[in-house]
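Chemist: Sequence and computational prediction follow.
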Amino acid sequence: MIDPRVRERINAAPHKPGVYVFKDARNRVLYVGKAADLSNRLHSYLSPTEPKAKAFVDKAALLDLTLTATEAEALIYEENLIKLSRPRYNIRYRDDKRYPYLKVTVKEPYPRIYVTRNERRDGNLLFGPYSSAKNLRKTLDAVKRIFKIRTCHYDLPEDHPERPCLLFQLKLCSAPCREGFPRDEYQVQLKGLIDFLMGRSEELEEETERRMWEVSDSEQFEVAALLRDQLLAIREVKHHSREASHDATPRDFIAVARHASRAAAVLLKLRERRLYGCETFMLTVPTHAADADLIHTVLRSIYTHTFDVPSEIVLPVLPEAPQVFIDWFKQYRDKKVQLSANVREEKRHLLAVAFENAKLALAQDKQAPRTDPLLEKLQDYLHLPGVPHRIEMIDISNIQGTNPTGSVVVFRNSRPAKSLYRKFKIKTVEGANDPAMMAEVVARRISRLQKEGKELPDLLILDGGKGQLSVVRELLNKIDVALSVFAFAKTHDHLFGRDGREVVIPGSDPVLKLLKRIRNSSHRFAITYHRKLRRKSTLSSELDGIPGIGEKKARALIQFFGSVPRIRKASLDELKSVSGIGPSLAETIYRHFHKE
């Protein structure tokens, strides 16, 4: 039975476009939808025929409405609300996963390209999403090699390094940080980069070859050589993609395979007659959800963020309101896009290829291990956007600022992944400044993962309190990285979130025991590395001052006697008996410790 308050809101709904949100009595979001006419759509829920609609309407105690100027605008708002609130009855990416994109910061004087999971609309360009880290890494490596667009976080031209970094020496960056670097030349490279990411390689190839001969005729041989290398790299990338169509129209093919509450969606990209990319997305599907709803979700999740939009999207079935997507493409991408279903011949074949890939992905996913309930509970406690399958914890170890070290431990599905543990020597911080050391390790860790095209952790835990969290939060805001970060304070075992929340987990809860297990592993790993460096430092300070003693002989002495105090007490004959220590050196060591 429909709650009287919900019925009242439905009857008062205006005949205007907007977004509606059904909530239960505890203010939890059940379902988010959008409509060109809110009144007409909501009145259909007064006597729902679909089991899914009947389920969330019966549980609804509240109904929120938000008006928008157009239905296309409502589409964006719907996407944002679903990602934010994770409604039970909406189709969404499984575990609310955020797939990575390549971001090109065209709003900056000297744009850069980097990997991000932040889908915020800020006027810059996103390309993706990439479901495969391997595909993402290959693409990023290719564009750095070909176009030499910077990937650093400097705010050029005001903020710049003293000299170009190693990427310039490796010919992977044109180093626009150099004084007097021509901006026009950089803009030409940027245009080529965008064309490449949109699959327009033939036009790019022709333009690059034309420029190569042009500068060669004017005897700019060094520039001509760079363009030649770029041309060869573009042709190499094209060589690895096979021709799959006789028609050069840019097309995307989307197919879905589903079983119970799971679905796999495959996106095949066809650019200039060649298969340009293949991405697979796993989704959570409520019982009785229609195929048209599933297609709507896939279209909304992909195309409301990416800049790379084709001329035609071929689908197994059309979404419920295809015109809203056509209007959205026209309004926000200034492009006429056709949505097609029931296609024939060549298009049907490629759609079948996408479907076979979707079935394979779903079959493989059935064999994958299920999510640990502890992680789902941790997600609820911390209000994370997805299940934290990969958790990383960072710890700092030092004694009054000496031999400072950082460590990263990685847990996958509640188990330690020791092969992924990493150690860090603190390089930029002097003195006992734990928050600054923590920020350095976080920055280096994120930078390495991004450069290698690897996924950032679902949850990053800092071993510390609000001081460490504050510095890391400032760093993440500066480098524009969306990451779930919490500080885990030792004093009361409370967690502090990036958004200022304090989370208290009961002491008897297994979730807290899991977090403590991760913290203990982090402590052991950090302290072990710190002790190793301290021993090495002690050994170095005690024995390095002796002429003729290097690292190898110092190690031999320590292995023979066990410690520096025992070396100090050793007789001359005992020193002579150490392998590699001759009579003359033994006397030098003996005199060093017996100067009086």
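Modeler: The structure has been received and is ready for your questions.

Chemist: Please tell me how far Thr208 sits from Lys34.
Modeler: 43 Å (C-beta to C-beta, to the nearest Å). Bear in mind the C-beta positions are built from the backbone N, C-alpha and C, glycine included.

Chemist: Kindly report the same for Gly562.
Modeler: Gly562 is 74 Å from Lys34, by C-beta to C-beta.

Chemist: So if I had to pick from those two, which one is more boxed in?
Modeler: Lys34 (26 against 10; other C-beta atoms under 10 Å).

Chemist: Was I right to think that one contacts Ala74?
Modeler: Yes - the pair Lys34 / Ala74 is scored as a contact, 3.9 Å apart, by C-beta atoms under 8 Å.

Chemist: joint contacts of those two?
Modeler: Here Lys34 and Ala74 share the contacting residues Pro17, Gly18, Val19, Val324, scored by C-beta atoms under 8 Å, 6 or more residues apart in numbering.

Chemist: In three-state terms, label the third one for me.
Modeler: This points to Val19. At Val19 the chain is in strand, as set by DSSP: H, G, I helix; E, B strand; the rest coil.

Chemist: And for the last one?
Modeler: In three-state terms, and counting by three-state DSSP, Val324 is helix.

Chemist: quick check: mean pLDDT across the helix or strand that contains Arg5?
Modeler: Element membership for Arg5, per DSSP states H and E: helix 4-12. For helix 4-12, the mean per-residue pLDDT is 94.

Chemist: Buried ones in it, by neighbour count?
Modeler: Using 16 or more other C-beta atoms under 10 Å as the burial criterion, the residues of helix 4-12 that qualify are Val6, Arg7, Arg9, Ile10.

Chemist: Next, give me the two most distant ones among those residues.
Modeler: Arg7 and Arg9 (7.4 Å; C-beta to C-beta).

Chemist: Regarding the closest residue to Arg88 other than its chain neighbours, what is its secondary structure?
Modeler: Leaving aside its sequence neighbours, Arg88 sits nearest to Leu30 (C-beta to C-beta, 6 or more residues apart in numbering; 5.8 Å). With three-state DSSP as the basis, Leu30 sits in strand.

Chemist: who are the neighbours in contact with Leu30?
Modeler: Phe22, Lys23, Asp24, Phe56, Lys59, Ala60, Pro87, Arg88, Tyr89.

Chemist: Generate a PyMOL selection restricted to the buried subset of these.
Modeler: Per 16+ other C-beta under 10 Å, the buried members of these correspond to this PyMOL selection:
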select buried, resi 22+23+56+59+60+87+88+89
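
Chemist: Minimum pLDDT in the contacts of Leu30, which residue is that?
Modeler: Arg88 (86).

Chemist: what residues are up against it?
Modeler: Val29, Leu30, Tyr31, Phe56, Pro286.

Chemist: is it possible to export the buried residues of helix 4-12 to JSON lines including distance to Val481?
Modeler: Listed next are the buried residues of helix 4-12 as JSON lines, based on distance: C-beta to C-beta, whole Å:
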{"residue": "Val6", "distance to Val481": "40"}
{"residue": "Arg7", "distance to Val481": "45"}
{"residue": "Arg9", "distance to Val481": "39"}
{"residue": "Ile10", "distance to Val481": "42"}
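
Chemist: Residues contacting the strand or helix carrying Ile194 from elsewhere in the structure, which ones?
Modeler: Ile194 is part of helix 183-197, with elements assigned from DSSP H and E. Residues outside helix 183-197 that contact it (C-beta under 8 Å, 6+ apart): 102, 104, 106, 109-111, 113, 125, 127, 139, 142-143, 146-149, 174, 176, 201, 203-204, 207-208, 211, 230, 234, 308.

Chemist: which of those residues are buried?
Modeler: 102, 104, 110-111, 113, 125, 127, 139, 142-143, 146-149, 174, 176, 201, 204, 207-208, 211, 230, 234, 308.

Chemist: Give me the buried positions along stretch 276-289.
Modeler: Under 16+ other C-beta under 10 Å, the buried positions of stretch 276-289 are Tyr276, Gly277, Cys278, Glu279, Thr280, Phe281, Met282, Leu283, Thr284, Val285, Pro286, Ala289.

Chemist: So what's the residue count around the nearest residue to Tyr154 once chain neighbours are set aside?
Modeler: Closest residue in space to Tyr154, ignoring its immediate chain neighbours: His160 at 5.5 Å, by C-beta to C-beta, 6+ apart. His160 has 18 neighbours, counted by other C-beta under 10 Å.

Chemist: His160 belongs to a strand?
Modeler: No - counting by three-state DSSP, His160 is located in no strand; its state is coil.

Chemist: Would you agree it is in contact with Phe181?
Modeler: No - with contact defined as C-beta under 8 Å, His160 does not count as touching Phe181 (9.9 Å).

Chemist: in this structure, which ranges drop under the pLDDT threshold?
Modeler: 95-96, 237-241, 366-371, 398-403, 529-542, 544, 596 (pLDDT under 70).

Chemist: mind running it again at 50?
Modeler: 401 (pLDDT under 50).

Chemist: Can you give the domain ranges for it?
Modeler: 4-90, 101-239, 251-366, 375-533, 544-593 (automatic domain parsing).

Chemist: all strands of the stretch 51-200 of the chain, in order?
Modeler: 62-67, 92-93, 101-104, 113-116, 125-127 (DSSP state E, counting those that start in this stretch).

Chemist: Which one of the ones you listed lies nearest to Glu219?
Modeler: strand 113-116 (31.8 Å).

Chemist: Tell me which strands that closest one pairs with, and in which orientation.
Modeler: Partners of strand 113-116 in the sheet, by DSSP bridges, are strand 101-104 (antiparallel).

Chemist: Can you tell me what sits against the partner strand?
Modeler: So strand 101-104 is contacted by 111-119, 124-130, 136, 139-140, 143, 149, 190, 193-194, 197, 305-306 (C-beta under 8 Å, 6+ apart).

Chemist: In PyMOL, select just the buried ones from the residues you listed.
Modeler: In PyMOL syntax, the buried subset of those is picked out as below (16+ other C-beta under 10 Å):
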select buried, resi 111+112+113+114+115+116+117+119+124+125+126+127+128+129+130+136+139+140+143+149+190+193+194+197+305+306
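
Chemist: Pull the distance from stretch 274-285 to the chain's centre.
Modeler: Stretch 274-285 sits 17 Å away from the centroid of its parent chain (C-alpha atoms, centre = their mean, to the nearest Å).
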